[in-house]
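Participant: Quick check, what structure comes out for this input:
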Amino acid sequence: MKNVHVLSIERIEYLIKEFDQIYISFSGGKDSGVLLNLYLDLIEKHNPDIRPIIFYMDYEIQYQKTSAYVERTFTKLSQRAEIYHICVPFKVTTCTSMYQSYWRPWDNDKRELWVRELPKHCYTKDDFDFYHEDLWDYDFQFLFGEWLHRKNNAKKTCCLVGIRTQESYNRWRTIYSTKFATYKGKKWTSCMFEDIYNAYPIYDWKTTDIWTANGKFKWDYNHLYDLYYQAGVPLAKQRVASPFLCEARESLYLYKVIDPNTWGKMINRVNGVNFTAIYGGTHAMGRKKIVLPNGFTWKKYMYFLLDTLPEEAQLIYKQKLKVSISFWKNKGGALSEDTIKKLEARNIPMDIDKSYYNTQKRAVRMDYLDEIDIPEQREIPTYKRVCICILRNDYQCKYMGFAQTKDDRIRKMRVLIDYESLKSQLNG
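Facilitator: Reported below is the predicted structural model:
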């Protein structure tokens with residue numbers, strides 16, 4: 001039986017034969033680091049004429065160990081690789097503040113507050129014709145592939161992405177979802193644009209496989225993980241990501257211990273960072289057990305919390321709530337038979353249809369509940385879930401399952417590109 005290392009090499013070799021342009025999305029984390037080393041070793045031994053292309057989005061605020069690892073990697077490859085070190089002020093989600101739903105790395109208007117100096121030989125917003133002020137980081141990442149495809153006049157472009165299904169359900173869904181076109185039926189690929197694909201060669205690796213490979217092949221890696229280990233952070237939670245995302249709030253406090261010099265600058269860079277570091281893992285920010293104040297229903301408490309927010313933040317949540325209420329009342333959510341039986345046992349009013357989703361679940365139309373105590377409570381529309389989103393500064397309402405879908409982002413990006421192409425033709 002072939003192990004995951006052999007299978008990944010076979011996948012990359014297949015992509016080299018099929019695509020005339022391949023680039024690697026590098027983050028400075030353990031997964032993208034292993035993928036980069038896999039690819040470099042392979043082309044060095046069997047395809048030395050290939051010039052590796054590396055894409056790295058620099059979020060300005062990160063551990064010094066991460067910056068050092070990235071610098072080591074790029075210095076080593078400077079004469080051999082085509083490196084796109086991106087330092088662009090795109091929008092990045094933050095869950096640390098009720099006053100900010102996003103922040104911008106490398107924002108020229110906040111030059112005096114930058115945590116680090118601009119790296120040498122980096123690419124800035126002026127290098128990309130598709131950049132605009134409303135561009136989010138995930139939009140930029142998506143559009144970069146199309147830009148590189150045009151720039152190098154490629155016939156077929158593939159981006160290698162180091163994600164693993166073990167990391168999260170969303171990553172598992174990226175591989176096994178049937179919604180997206182794949183390259184010649186390979187489930188570990190997905191189509192971004194015409195002739196542009198993402199590929200996930202290490203999707204089936206476990207965390208232990210990552211560290212086994214680093215040790216066996218003596219690959220360099222981000223030594224931040226050594227500090228994580230010494231600090232007692234479990235392997236499953238040792239991640240390198242933007243520190244202000246919802247997923248990173250509970251570990252934000254580690255910056256004070258691991259990287260105090262960076263921490264001293266961070267607290268002035270983005271609103272609410274210090275508060276989140278102190279309370280990010282407590283019920284004050286929607287973690288652990290959430291207690292309803294005496295005399296309140298969850299609906300009443302929701303409106304109380306909304307009244308404490310700035311007007312702009314209120315509007316975001318109210319719009320999300322309006323759309324969600326309409327969805328559950330008119331279209332309905334997909335629920336399993338087991339969940340439906342639990343709701344029926346509690347005499348919850350609802351209309352049940354045959355499912356119109358690509359799933360075995362059924363479509364259920366119902367009104368918002370105040371709360372419900374069942375294991376599947378995160379699947380049910382309740383005002384308690386809205387309260388948790390507000391307490392967590394979760395502007396995208398991910399806890400309500402309301403984050404922008406990959407389908408929506410891809411559709412939006414394709415429309416923008418078609419529009420820009422049409423505009424250029426008219427102007428020409």
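Participant: Can you say which helix or strand has Asn144 in it?
Facilitator: If you look again at residue 144, you'll see it is Phe, not Asn. Taking DSSP states H and E as the definition, one finds Phe144 inside helix 137-151.
Participant: Please save the CA atoms from that helix in PDB.
Facilitator: Only the C-alpha atoms of helix 137-151 are listed here, as PDB (Å, rounded to 0.1, in the frame of the first residue of the first chain):
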ATOM      1  CA  ASP A 137      -7.900  39.100   1.200                       C
ATOM      2  CA  TYR A 138      -9.700  36.000  -0.100                       C
ATOM      3  CA  ASP A 139     -10.800  38.000  -3.200                       C
ATOM      4  CA  PHE A 140      -7.200  39.000  -3.900                       C
ATOM      5  CA  GLN A 141      -6.000  35.400  -3.500                       C
ATOM      6  CA  PHE A 142      -8.600  34.300  -6.000                       C
ATOM      7  CA  LEU A 143      -7.900  37.000  -8.600                       C
ATOM      8  CA  PHE A 144      -4.100  36.600  -8.400                       C
ATOM      9  CA  GLY A 145      -4.300  33.300 -10.200                       C
ATOM     10  CA  GLU A 146      -6.100  34.900 -13.100                       C
ATOM     11  CA  TRP A 147      -3.600  37.800 -13.100                       C
ATOM     12  CA  LEU A 148      -0.600  35.400 -13.200                       C
ATOM     13  CA  HIS A 149      -2.300  33.300 -15.900                       C
ATOM     14  CA  ARG A 150      -2.600  36.400 -18.100                       C
ATOM     15  CA  LYS A 151       0.800  37.800 -17.200                       C
END
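Participant: got the contact list for it?
Facilitator: Residues from elsewhere that reach helix 137-151 (Cβ atoms under 8 Å, 6 or more residues apart in numbering): 21, 23, 25, 53, 55, 57, 59, 84, 86, 88, 90-92, 128-131, 135, 154, 157, 159, 192-193, 195-196, 198, 242, 409-410, 412-413, 416-417. (Glycine included, C-beta is placed from N, CA and C.)
Participant: redo that, cut-off 6 Å
Facilitator: By Cβ atoms under 6 Å, 6 or more residues apart in numbering, the surrounding residues in contact with helix 137-151 are Phe90, Val92, Phe130, Thr157, Cys159, Met192, Phe193, Ile196, Met413.
Participant: Kindly report the same for stretch 102-114.
Facilitator: Residues from elsewhere that reach stretch 102-114, judged by Cβ under 6 Å, 6+ apart: Tyr59, Glu60, Cys87, Pro89, Lys91, Val92, Thr93, Thr94, Asn268, Arg269, Val270.
Participant: Would you mark the buried spots in the helix holding Phe144?
Facilitator: Applying a neighbour-count criterion of 16 or more other Cβ atoms under 10 Å, one finds 137-149 buried in helix 137-151.
Participant: Please apply the same query to stretch 202-215.
Facilitator: By neighbour count with 16+ other Cβ under 10 Å, stretch 202-215 contains the buried residues Ile202, Tyr203, Asp204, Trp205, Thr207, Asp209, Ile210, Ala213, Asn214.
Participant: Can you lay out the residues you listed as a markdown table showing secondary structure, pLDDT and distance to Tyr228?
Facilitator: As requested, the buried residues of stretch 202-215 are exported to a markdown table (DSSP: H, G, I helix; E, B strand; the rest coil; pLDDT from 0 to 100; distance: Cβ to Cβ, whole Å):
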| residue | secondary structure | pLDDT | distance to Tyr228 |
| --- | --- | --- | --- |
| Ile202 | coil | 95 | 20 |
| Tyr203 | coil | 92 | 23 |
| Asp204 | coil | 92 | 24 |
| Trp205 | coil | 94 | 19 |
| Thr207 | helix | 92 | 12 |
| Asp209 | helix | 95 | 18 |
| Ile210 | helix | 95 | 13 |
| Ala213 | helix | 96 | 18 |
| Asn214 | helix | 95 | 14 |
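Participant: quick one: Lys299 and Lys329, what's the gap?
Facilitator: Computed as Cβ to Cβ, to the nearest Å, the Lys299 to Lys329 distance reads 15 Å.
Participant: Which residue is the nearest non-sequential neighbour of His46?
Facilitator: Counting by Cβ to Cβ, 6 or more residues apart in numbering, His46 lies nearest to Glu13, which is 7.6 Å off, once chain neighbours are set aside.
Participant: Now whichever strand or helix holds Thr73: buried residues?
Facilitator: In this structure, Thr73 is located in helix 64-77 according to DSSP H and E. Within helix 64-77, the residues that qualify as buried by neighbour count (16+ other Cβ under 10 Å) are Lys65, Thr66, Ser67, Tyr69, Val70, Thr73, Phe74.
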